[in-house]
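**Q** Sequence unavailable; structure follows:
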Ligand SMILES: O=C(CO)COP(=O)(O)O
């Protein structure tokens, strides 16, 4: 059985004071980690406040990005080794905003995945097509290619433990959610891709999130789908009440 994983992705929206307030507001109402994993991915500058306030609670902590080297002359980058030392659990990589605005390539995303595992963290690897690609009927092959590139040379055990987030770019921050069927269809393609690259056992274990305008009103319908094991949530994760409704979707 795959444990559902709901992760808020705060993007560049919070400061340390807001972070502390948020965690205080949610920490006592989070689900047991064995029932639903509740995660917040925060900017590097907010991670100390997030970790400090989340101590002893069921909240898991993710970074929104990291570099693929552990240390060295890489001005402005975040070390996966230091993230691990700080107590971070997950690192989001390959978000479409990072691919588009910061020109991250499939090869870099794959190197980051290896660096994350090397340091004992787990990646949440994002993939997803643009509206143009969807309208050209190429969403499936696009996502299959992104997933294949991101997983290159990872072991079966590593892939069994990671998370893949399918986020169609046209549904991010637009209020336009993919329908539950559209989301399920491509999450199914992600799982099939993993089965093709590894085997059915690995594919059964990998957790797949849907992201793109997930909110309390649609989370249940999405989570009821066979291949959707969680959500990666932007806007609706910024407010404690709505975050709590999301992570407690099955109560
Ligand atoms: O990009 C997203 C999460 O990573 C989705 O953002 P929204 O939930 O704001 O559409």
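**A** Structure received. Please read these numbers as outputs of a predicted model, since none were measured by experiment. Numbers count the residues shown, from 1 in each chain.

**Q** going forward, measure contacts between C-alpha atoms and count neighbours the same way
**A** Noted.

**Q** which parts of the chain sit against the ligand?
**A** Within the chain, the positions near the ligand by Cα under 6 Å from any ligand atom are 9, 172, 173, 211, 212, 213, 214, 232, 233, 234, 235.

**Q** Most neighbours among those, which one is it?
**A** residue 211 (31 neighbours; other Cα atoms under 10 Å).

**Q** Skipping adjacent residues, who's closest to residue 178 in space?
**A** Spatial nearest neighbour of residue 178, excluding adjacent residues (Cα to Cα, 6 or more residues apart in numbering): residue 171 at 6.3 Å.

**Q** For that neighbour, give its distance to residue 96.
**A** Relative to residue 96, residue 171 is positioned 11 Å away (Cα to Cα, to the nearest Å).

**Q** ok, now residue 214?
**A** In this view, residue 214 and residue 96 are 16 Å apart by Cα to Cα.

**Q** Now do the helices in this structure.
**A** 16-26, 47-54, 80-86, 96-101, 106-118, 131-135, 139-150, 156-161, 180-197, 200-205, 216-223, 240-247 (DSSP state H).

**Q** CSV for these, including mean neighbour count and mean pLDDT?
**A** Putting these into CSV (neighbours: other Cα atoms under 10 Å; pLDDT from 0 to 100) gives the following:
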stretch, mean neighbour count, mean pLDDT
helix 16-26, 17, 98
helix 47-54, 20, 98
helix 80-86, 18, 98
helix 96-101, 14, 98
helix 106-118, 21, 98
helix 131-135, 14, 94
helix 139-150, 20, 98
helix 156-161, 16, 98
helix 180-197, 20, 98
helix 200-205, 17, 98
helix 216-223, 17, 97
helix 240-247, 20, 98
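
**Q** how about the ones you listed in TSV, adding distance to residue 74?
**A** TSV is the format used below for those (distance: least, Cα to Cα, whole Å):
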stretch	distance to residue 74
helix 16-26	24
helix 47-54	20
helix 80-86	13
helix 96-101	17
helix 106-118	14
helix 131-135	34
helix 139-150	22
helix 156-161	27
helix 180-197	33
helix 200-205	35
helix 216-223	39
helix 240-247	35
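
**Q** Those helices: which one's closest to residue 5?
**A** Residue 5 sits nearest to helix 240-247 of all the helices of the chain, at 8.2 Å, using Cα to Cα.

**Q** quick one: contacts of the closest one?
**A** For helix 240-247, the external contacting residues (Cα atoms under 8 Å, 6 or more residues apart in numbering) are 6, 8, 22, 25-26, 29-31, 36-38, 215-216, 219, 236-237.

**Q** Also compute the angle for it relative to helix 16-26, please.
**A** 60 degrees (axes from the mean of the first three to the mean of the last three Cα atoms, to 10 degrees).

**Q** Okay then, goodbye and thanks.
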